[in-house]
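A.B. asks: fold the following.
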Amino acid sequence: MDDPGRYHLTLAADGRVMMQGWWADQAVAEAKCTEWIGDYGRPGASITLTDEATGETLTAWPKEP
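C.D. replies: Below is the predicted model of the structure:
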């Protein structure tokens, strides 16, 4: 199986994963994350961008207070 990419984007609604994507290029993944927040960022949704190599969450929406 091919490596899907280092940067993993997840959209969940009410705690259930609805969409996922993987990209090898961080800039592309960050642009997709911004796009998903604009398209799917609604109450009850959460969007996270994770670096699979380090386990670090790079972006999370909504932002925690």
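A.B. asks: for the nearest residue to W61 once chain neighbours are set aside, give its distance to E30.
C.D. replies: Sequence neighbours aside, I47 is the residue nearest to W61 in space, at 4.4 Å (criterion: Cβ to Cβ, 6 or more residues apart in numbering). All C-beta spots, glycine's among them, are computed from the backbone N, C-alpha and C. To E30, I47 is 12 Å away according to Cβ to Cβ, to the nearest Å.
A.B. asks: okay, and the common contacts of those two?
C.D. replies: Residues touching both I47 and E30 (Cβ atoms under 8 Å, 6 or more residues apart in numbering): T59.
A.B. asks: more crowded one of these two?
C.D. replies: More crowded of I47 and E30, by other Cβ atoms under 10 Å: I47, with 21 against 16.
A.B. asks: so what pairs up with W22 in the strands?
C.D. replies: Using DSSP bridges, the bridge partners assigned to W22 are H8.
A.B. asks: next one: L49
C.D. replies: The partner residues for L49, given DSSP bridges, come to L9, T59.
A.B. asks: tell me, how many residues neighbour it?
C.D. replies: 24.
A.B. asks: report the contact partners of it.
C.D. replies: Contacts for L49 were tallied using Cβ under 8 Å, 6+ apart; they are Y7, H8, L9, A29, E30, C33, T57, L58, T59, A60.
A.B. asks: so what pLDDT did it get?
C.D. replies: Note on L49: pLDDT of 98.
A.B. asks: let me know the distance separating it from E56.
C.D. replies: Relative to E56, and taking Cβ to Cβ, L49 is found at 10 Å.
A.B. asks: repeat for K63
C.D. replies: K63 is 16 Å from E56, where distance means Cβ to Cβ.
A.B. asks: between those two, point out the one with more neighbours.
C.D. replies: Between K63 and E56, counted using other Cβ under 10 Å, E56 has the larger neighbour count: 9 against 6.
A.B. asks: what subset of the contacts of L49 is buried?
C.D. replies: Among the contacts of L49, those scoring as buried are Y7, H8, L9, A29, E30, C33, L58, T59 (criterion: 16 or more other Cβ atoms under 10 Å).
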